[in-house]
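*Asks:* give me coordinates for this.
(one chain, ligands or ions: 2)
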Amino acid sequence: MPIYLLLMGGPGAGKGTQAQFLREKFGLPQVASGDLFRDNLKRQTPLGQLAKQYMDRGELVPDDVTISMIRERLQQADAKNGAMLDGFPRTIPQAEALDGLLAEFGGRVNVALYVKVPEAVLLERLSGRWTCRGPGQHTYHMLFNPPKHDKLCDVDGTELYQRPDDTPEVQSRRIRVFFEQTSPLIEFYRQRGLLSEIDGEQPIEQVTAQLVGAVEGVLAA
Ligand code: AP5
Ligand code: MG
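*Replies:* Residues are numbered from 1 along each chain as shown. Ligands and ions are numbered 1, 2, ... in the order given. Take a look at the predicted model:
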């Protein structure tokens, strides 16, 4: 049976940072909706151009296009044993569509990991974030997790950049959108007994250790 892990949390909570470790640990590909949109934009596809209009404003891309993009991604060969979903689902309709989709693949959501971080800390994290241009999308923070060499990725040596949706205005909008439109999913998964809440204000390694423990607990049950 394939395994599907969800990583939830506000913008800057550390979803991407933690997914780097969890994908290795559990041998599952990281399927990040934001990264898929950014990749489409880089390739100048119609989906990328559509998504840009929403991402630039910090709003959610419409459910129908987001769901079909994820469906296509989860059908790829590397996801046959499951996936680590980062940033999807983000609305109740996306979560319901995901249930149907995973049932088609003979699986289900095994656990929804919510990395909980207060709003003020989210802003602090986003404003110091730098991301690498390599396929691994490794993340750094100029104060909390600096690279060894100025503006270069420790892992693959590619240049680090700041995301265009990390302006103060768009950051605030993304955080607001999270609390208004995505946070209802916390209750959605809690009611189904699938939620595991992790304190995201701890150092990166401690958050990883707790996430690994939560996943191992669920997989062993
Ligand atoms: P997306 O790319 O998913 O962005 P996001 O949710 O805003 O989250 P981020 O990637 O900004 O944060 P993160 O949690 O990954 O944090 P990170 O690990 O980088 O989405 C972008 C846009 O795409 C959306 O606005 C929307 O338009 C669209 N979109 C995407 N998915 C969609 C969907 N499903 N439906 C509709 N639209 C969708 O960490 C942040 C920083 O903090 C880093 O610098 C890191 O080094 C640092 N850090 C991490 N952990 C710690 C720690 N424990 N202590 C100290 N620093 C830490
Ligand atoms: Mg991310």
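*Asks:* quick check: closest non-adjacent residue to the closest residue to ligand 2 within the chain.
*Replies:* In the chain, the residue that lies nearest ligand 2 is G16 (3.2 Å; CB to the ion). Backbone N, C-alpha and C define where each C-beta goes, glycine included. Using CB to CB, 6 or more residues apart in numbering and skipping the chain neighbours, the partner closest in space to G16 is T139 (5.2 Å).
*Asks:* can you report phi and psi for the residue nearest to H141 when sequence neighbours are not counted?
*Replies:* Of all residues not flanking H141 in the chain, G128 sits nearest, at 4.6 Å (CB to CB, 6+ apart). Main-chain torsions, G128, degrees, to the nearest 10: phi -110, psi 10.
*Asks:* and the gap between G128 and M55?
*Replies:* 20 Å (CB to CB, to the nearest Å).
*Asks:* my guess is S172 contacts L126. True?
*Replies:* No: at 9.6 Å, S172 does not count as touching L126 under the criterion of CB atoms under 8 Å.
*Asks:* between these two, who's got more neighbours?
*Replies:* Neighbours per residue (other CB atoms under 10 Å) separate S172 from L126, with L126 holding more: 24 against 16.
*Asks:* from what I can see the residue nearest to G16 touches T131, true?
*Replies:* Yes: counting by CB under 8 Å, T139 touches T131, with 5.4 Å between them.
*Asks:* please enumerate the shared neighbours of the two.
*Replies:* Common neighbours of T139 and T131 (criterion: CB atoms under 8 Å, 6 or more residues apart in numbering): G16.
*Asks:* neighbours of E180, how many?
*Replies:* 9.
*Asks:* in the helix ranked longest in the chain, which residues are buried?
*Replies:* Using DSSP state H, we find that the single longest helix of the chain is helix 204-220. Neighbour-count burial for helix 204-220, counted by 16 or more other CB atoms under 10 Å, picks out 204, 207-208, 210-211, 214-215.
*Asks:* what's the offset of it from the middle of its chain?
*Replies:* How far helix 204-220 lies from its chain's middle: 16 Å, per CA atoms, centre = their mean, to the nearest Å.
*Asks:* got the contact list for it?
*Replies:* With contacts defined as CB under 8 Å, 6+ apart, helix 204-220 is touched by 3, 5, 14, 17-18, 21-22, 25-26, 110-111, 113, 115, 144-145, 196, 198-200, 202.
*Asks:* just the ones of the residues you listed in helices?
*Replies:* Among these, the members falling in helices (DSSP H) are 17-18, 21-22, 25-26.
*Asks:* thinking again about what came up before, now for the residue nearest to H141: which residues touch it?
*Replies:* Neighbouring residues of G128 by CB under 8 Å, 6+ apart: 141-144.
*Asks:* one step back: surely the residue of the chain closest to ligand 2 is in contact with H141?
*Replies:* No: if you go by CB under 8 Å, G16 and H141 don't touch, sitting 11.6 Å apart.
*Asks:* what about the residue of the chain closest to ligand 2, how many neighbours?
*Replies:* 21.
*Asks:* can you tell me how far the spatially most central residue of the chain is from ligand 1?
*Replies:* Centroid-nearest residue in the chain: D86, 2.5 Å away (criterion: CA atoms, centre = their mean). Relative to ligand 1, D86 is positioned 7 Å away (CB to the nearest ligand atom, to the nearest Å).
*Asks:* that residue bridge partners, please.
*Replies:* Beta bridges link D86 to L7, A32, judged by DSSP bridges.
*Asks:* need the residues of this protein near ligand 1, please.
*Replies:* Residues of the chain lying near ligand 1 by CB under 6 Å from any ligand atom: 9, 11-17, 33-34, 37, 54-55, 58-61, 66, 87-88, 90, 94, 125-126, 128-129, 139-141, 144-145, 165, 174, 200, 203-204, 207.
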